[in-house]
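Participant: Compute the structure for the input listed below.
(2 chains)
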Amino acid sequence: MTSPASLVQGVRLEELWKKIAGILASDESLPARIAEAAVLATGAQEAALYLRERDAWTRSGPKLAGAVEAGEIPDPLPGSAFVREGDLWVPLETEGELHGLLRLLGVPGEPLESGALLAFLFGSLVGAHRLARMVRDAEFELKARLLELESLYDLGLSLGGQLDLSSLADEVLFRSISLTDAGRGTLVLMEDSGAVLLERSVGAEILAGRDAAAWKLPEGGFIHNATGAVDMGGASLPCDKMLAVEISVSGRRLGVLAVADKESRDSRVLDFTPTDARLLSLFANQAAAAIETARLHKEALEKERIERELELAATIQRQILPRDLPSVPGISIAARNVPTRQVGGDYFDVFPLSGGRLAFLVADVSGKGIPAALLVSTVHAAVHLQIDEARTISDLVQRIDRHLQRYAVTRKFLTAFFGLLEPETGVLRYVSAGHNPALLRRAGGGIEQLGATGVPLGMFPNAAWREETRPMAKGDLLCVYSDGITEALDASDEEFGVPRLSRLLDAGSPEEICRRVFDEVASFAADVPQYDDQTLLLLRRT
Amino acid sequence: MSETCKVSSERRGDVAILWTDGYINNQGGEEIAKEAYSRLEEGARALVMNLEKTRIVNSIGISILIEVLEKVMDRKGVLAFCGLTPTIDKTFRIMGLAQYAEIYPTQEDALRGVEAKTA
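Facilitator: Next up, the predicted model:
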């Protein structure tokens, strides 16, 4: 028979169990529920449950949840329940492995007896909870590793099609920070010269004020987990915990990728690990290949843009050169210009003037390409503006020089031969501004070289040019050319030269001579590429 | 110093919308959790997190979001995300967040989705 006292106690125990079961089934976190149930089971005023999460303690309880302070947990821990400063401490363990600690404040009666009951009631429960968390953590870690692999794969795919360096840098930097749990990161891309091409940062810059080009990073990355500046290759590294890897292709450094302040769940700054370094190196390798592709693409675009500009400039220049040569009684004319690049630096022009006179010029601008074309265009404008105003050839040259000094946008100069021929009298007036000697082939034989009568145009302010005259008899031939003709080179670096050109002037009409000269120059140079424009102007008094 | 994540929220009936701006790391995750728990305490049954101004999430941020998700599920509520970059979208799917939380392209889609679930 059951005694009335034990019956009453049995009813109370059943009620207690129901209440404990109710608490354990509530929405609160399990640690908080266990602490609350412990209060109910012992009649304590308050309770807290301490759990070891990875390498740190956490505290849970209906009223006591919060950060664990240093020295709060007794050290060393006894193996069974104990009382310290009035609080009951109960180690919760299964098969000798500690899972947690219950701390009860204000336990009535004999606290150590309650301790044994609590250890029995909750030891296995906390053990199972810890095991579940360990499984969950392991699963999380596994997923994190899978994410790393997927990210490497995705990065390869997305970078393969990414030709914009800026987006590419963001993609690499964001993934690097994310997968290493870094608090911040910086990516610097450099030119071959070491100058910074692009810099991206999340959070405060890691490489601010440091010359990344001067860094000597070991292969596989540089891990800096100690505090305090480190001097490496003459560059002072920051004091934070950081990890840096080189972005390089075939031994050529393209940039540096750095991450810092590896985070933990409890707000500590963790050390970077060799696994982090390996992961970041893999990212850097993928980035290097993509950056190189993007750079080559950018270069190709730039080249294409320049070629388009040159083509446009060449079109403009072709329009500057006279499309048809004028027909002037008493003078037979032939001329041709062959640029060696899309846009050349040679220019020639002929102007029929009043009284049957003919003005003409051949000019050779220093340099090639767009700047030379701009100067040619300026000279062309100046000549056409001044030709009707100028009193003499030397006056025309003076006016053009002043125009160039005032308006030319590039600091270049040009040599030029200006001439004025009166077909009726056969008087040739000319100015040679540093130009190579024109050849005056006499009908009766012999050649006179008409040398420079002043310095090149655009070279010195207030320069002066002497005007010379020569009589031209009927049948005399004037040959004005640019140095691209006489300085054309053959395979043995020999120049075509003035003598060869002179010999070609012996017979034929200006048109025939012109054709012959260009044929001979082409045949002489054979397949040797020429770097200077070739211009020839021939005038015969008929 | 790392990039600071700012979190704001607004209550629309049973739903609370949270907007994040910045890196969801430990600090960002804690800010989100604080805001989310406060809205749940007020009685919100569904949370919509708009991450369109977030470009980076790390594993600590994700573990905090999982804790928030567990809390929402304990209360039989609904959690939805929207405005994810393709990288964050994939990260959430791999890390298991998408298993119990809904992912929508836009905030409007998310609001329609959670309203249908909580109706």
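Participant: what ranges do the helices span in chain B?
Facilitator: B:26-42, B:59-74, B:86-94, B:97-100, B:107-118 (DSSP state H).
Participant: now swap in the stretch 1-150 of chain A and tell me
Facilitator: Here the stretch 1-150 of chain A has its helices, by DSSP state H, counting those that start in this stretch, at A:4-24, A:30-42, A:111-160.
Participant: so which of those is the most packed in?
Facilitator: Mean neighbours per residue, mean count of other Cβ atoms under 10 Å in any protein chain shown, is largest over those for helix A:30-42, with a mean of 23. Just so you know, the C-beta spots here come from the backbone N, C-alpha and C atoms, and that holds for glycine as well.
Participant: elements contacting it?
Facilitator: Here helix A:30-42 touches helix A:4-24, strand A:46-53, strand A:56-60, strand A:97-105, helix A:111-160, going by 3 or more Cβ pairs under 8 Å, 6 or more residues apart in numbering or on different chains; DSSP states H and E.
Participant: Distance from the second one to the middle of the chain?
Facilitator: On the basis of Cα atoms, centre = their mean, to the nearest Å, strand A:46-53 sits 53 Å off its chain's mean C-alpha point.
Participant: thought A:Arg466 was touching A:Arg429?
Facilitator: No. If you go by Cβ atoms under 8 Å, A:Arg466 and A:Arg429 don't touch, sitting 11.1 Å apart.
Participant: More neighbours: which of those two?
Facilitator: Between A:Arg466 and A:Arg429, A:Arg429 has the larger neighbour count (other Cβ atoms under 10 Å in any protein chain shown), namely 18 against 11.
Participant: in stretch A:480-494, what counts as buried?
Facilitator: A:Val480, A:Tyr481, A:Ser482, A:Asp483, A:Gly484, A:Ile485, A:Thr486, A:Glu487, A:Ala488, A:Leu489 (16 or more other Cβ atoms under 10 Å in any protein chain shown).
Participant: Any idea what the last one is bridged to?
Facilitator: Beta bridges link A:Leu489 to A:Glu495, judged by DSSP bridges.
Participant: swap in the first one?
Facilitator: For A:Val480, the beta-bridge partners are A:Leu537 (DSSP bridges).
Participant: quick one, what contacts it?
Facilitator: Contact analysis of A:Val480 by Cβ atoms under 8 Å, 6 or more residues apart in numbering or on different chains lists A:Phe348, A:Phe360, A:Val362, A:Phe417, A:Gly419, A:His435, A:Ala438, A:Leu536, A:Leu537, A:Leu538, A:Leu539.
Participant: Looking at those residues, which one is closest to chain B?
Facilitator: A:Phe348 (61.0 Å; Cβ to the nearest Cβ).
Participant: tell me the pLDDT at that closest one?
Facilitator: pLDDT for A:Phe348: 94.
Participant: was I right about it contacting A:Asp364?
Facilitator: No. Between A:Phe348 and A:Asp364 there is no contact under Cβ under 8 Å: 9.7 Å.
Participant: Could you name every residue contacting both of those two?
Facilitator: Listed contacts common to A:Phe348 and A:Asp364 are A:Thr535; contacts here mean Cβ under 8 Å, 6+ apart.
Participant: Looking at those two, which one has more neighbours?
Facilitator: A:Asp364 (26 against 23).
Participant: Surely that one is in a helix?
Facilitator: No. Counting by DSSP: H, G, I helix; E, B strand; the rest coil, A:Asp364 falls outside a helix, being strand.
Participant: can you pull the contacts of the closest residue to it other than its chain neighbours?
Facilitator: Nearest residue to A:Asp364, sequence neighbours excluded (Cβ to Cβ, 6 or more residues apart in numbering or on different chains): A:Ser482, at 4.5 Å. Residues in contact with A:Ser482 (Cβ under 8 Å, 6+ apart) are A:Asp346, A:Val362, A:Asp364, A:Asn436, A:Asp532, A:Asp533, A:Gln534, A:Thr535, A:Leu536.
Participant: What's the ChimeraX line that selects buried ones from those?
Facilitator: Burial among the contacts of A:Ser482 is assessed by 16+ other Cβ under 10 Å; the matching ChimeraX selection reads:
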select /A:346,362,364,436,532,533,534,535,536
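Participant: Just checking, which of the contacts of A:Ser482 comes out lowest on pLDDT?
Facilitator: In terms of pLDDT, A:Asp532 ranks lowest among the contacts of A:Ser482, with 82.
Participant: Quick check: phi and psi at it.
Facilitator: Torsion angles at A:Asp532 (phi, psi; degrees, to the nearest 10) stand at phi -130, psi 140.
Participant: who does the helix or strand containing A:Leu539 touch, helix- and strand-wise?
Facilitator: Element membership of A:Leu539, judged by DSSP states H and E, is strand A:534-541. Where contact means 3+ Cβ pairs under 8 Å, 6+ apart, strand A:534-541 is packed against strand A:331-338, strand A:346-352, strand A:358-365, strand A:414-422, strand A:477-481, helix A:483-486, helix A:510-525.
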